[in-house]
Every structure is written in C-alpha cells, then in structure tokens.
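> Coordinates for the following, if possible.
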Amino acid sequence: MIGYVTLGTNDLPRAAAFYDAIAADMGVGRMMEFPTYIAWGVADGPAGVAVIKPFDGQPATVGNGVMVALQASDRAQVDRIHALALAHGGVCEGPPGPRGEGFYAGYFRDPDGNKLNAFVMG
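Got it, this is the predicted structure:
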C-alpha cells in the first residue's frame with residue numbers, strides 16, 4: 001500500500017551520505033534526484049525512502065511517534081544497517097536485538113533526528 005516515505009532534512013548533502021550508505025547495503029541506489037529531494041529505491045519495486053527540504057521553506061522538524069521501518073534480509077543486515085547509521089552520523093535508539101518472538105530490530109535516528117529501524121521477521 002505505501003508507495004514511498006519522505007523525511008525532512010535541513011542538510012541534503014549530509015542526509016544523502018547517510019541514506020546512500022544504508023541503501024547500498026540494501027542493494028538499492030538513488031532513483032530520483034533534484035536540488036531539494038533525493039529518493040532511494042527501485043522503480044515499481046517496494047516502497048522507497050526520500051529526504052526533502054520542506055516545500056514551505058521552513059526548517060524540517062521531526063514527527064513525534066513517526067518511524068520508518070526498513071525491511072532487512074536477515075539479522076546480519078539489521079546489525080550492519082544499524083552500524084552504518086551510527087557511522088554516518090545517526091544516533092542509537094535501541095541496539096539490534098530480539099523484540100519479542102519472531103521480530104529482530106535495531107533502532108536509530110538519522111542526522112536530522114528522524115527515527116528509523118531495520119528489522120527482520122523470523
């Protein structure tokens with residue numbers, strides 16, 4: 001049902017470096033790029049993620065309770081994505097580990113404060 005998710009940024013080059021690293025590990029690259037917007041994913045594939053300078057010209061802010069979940073291929077990829085996030089300016093919001101039966105995830109914030117996780121079921 002979800003086509004894509006956009007997250008606000010106040011520093012597009014910094015956000016690009018952060019998401020380039022995570023997208024590369026997930027086997028995808030940039031699919032759209034404009035002066036105020038970059039999207040990662042595969043055309044006609046699963047939902048992608050984009051960062052954007054807000055249209056209204058106001059500073060980007062974080063939505064309380066909003067989170068983007070990135071589906072990993074296995075636990076090792078969850079661990080790698082979490083580590084990549086921290087290495088590229090992200091902040092840990094919960095290290096990778098089991099979160100109940102059949103769910104493994106690591107939580108982090110991007111350099112703009114947007115909350116994400118990498119997860120795998122099973």
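> same question for stretch 76-92, mean pLDDT?
Averaged across stretch 76-92, pLDDT comes to 98.
> And that stretch, what's buried?
77-85, 88-90 (16 or more other CB atoms under 10 Å). Using the backbone N, CA and C atoms, a C-beta is placed for each residue, glycine as well.
> do stretch 58-65 as well
So stretch 58-65, judged by 16+ other CB under 10 Å, has buried residues Ala60.
> Distance check, the residue of the chain positioned farthest from its centre against Asn117.
Here the chain reaches farthest from its C-alpha mean at Glu101, the gap being 23.9 Å by CA atoms, centre = their mean. Separation of Glu101 from Asn117 (CB to CB, to the nearest Å) stands at 17 Å.
> Same check on Arg109?
For Arg109, the distance to Asn117 - CB to CB - is 10 Å.
> Can you check which residues contact both of the two?
Glu93 (CB atoms under 8 Å, 6 or more residues apart in numbering).
> Of those two, which one has the most company?
Neighbour totals were compared for Arg109 and Asn117, and Asn117 leads with 22 against 18 (other CB atoms under 10 Å).
> Neighbouring strands - and their directions - for the host helix or strand of that one?
Using DSSP states H and E, the element containing Asn117 is strand 115-121. Note on strand 115-121: by DSSP bridges, its sheet partners are strand 67-71 (parallel), strand 103-109 (antiparallel).
> Show residues contacting the next helix or strand after the first one.
Next along the chain after strand 67-71, taking DSSP H and E as the criterion, comes helix 75-87. Outside helix 75-87, the residues that touch it by CB under 8 Å, 6+ apart are 18, 21-22, 25-26, 70, 72, 92, 95-96, 104-108, 110, 116, 118-120.
> Next, count neighbours for the closest residue to Ile81 other than its chain neighbours.
The shortest distance from Ile81 to any non-neighbouring residue, by CB to CB, 6 or more residues apart in numbering, is to Ala118 (3.9 Å). Using other CB under 10 Å, Ala118 has 26 neighbouring residues.
> what's the answer for Gly122, then?
Count around Gly122 with other CB under 10 Å applied: 8.
> ok, back up a step: any of the contacts of helix 75-87 buried? List them.
Among these, those scoring as buried are 18, 21-22, 25-26, 70, 72, 96, 104-108, 110, 116, 118-120 (criterion: 16+ other CB under 10 Å).
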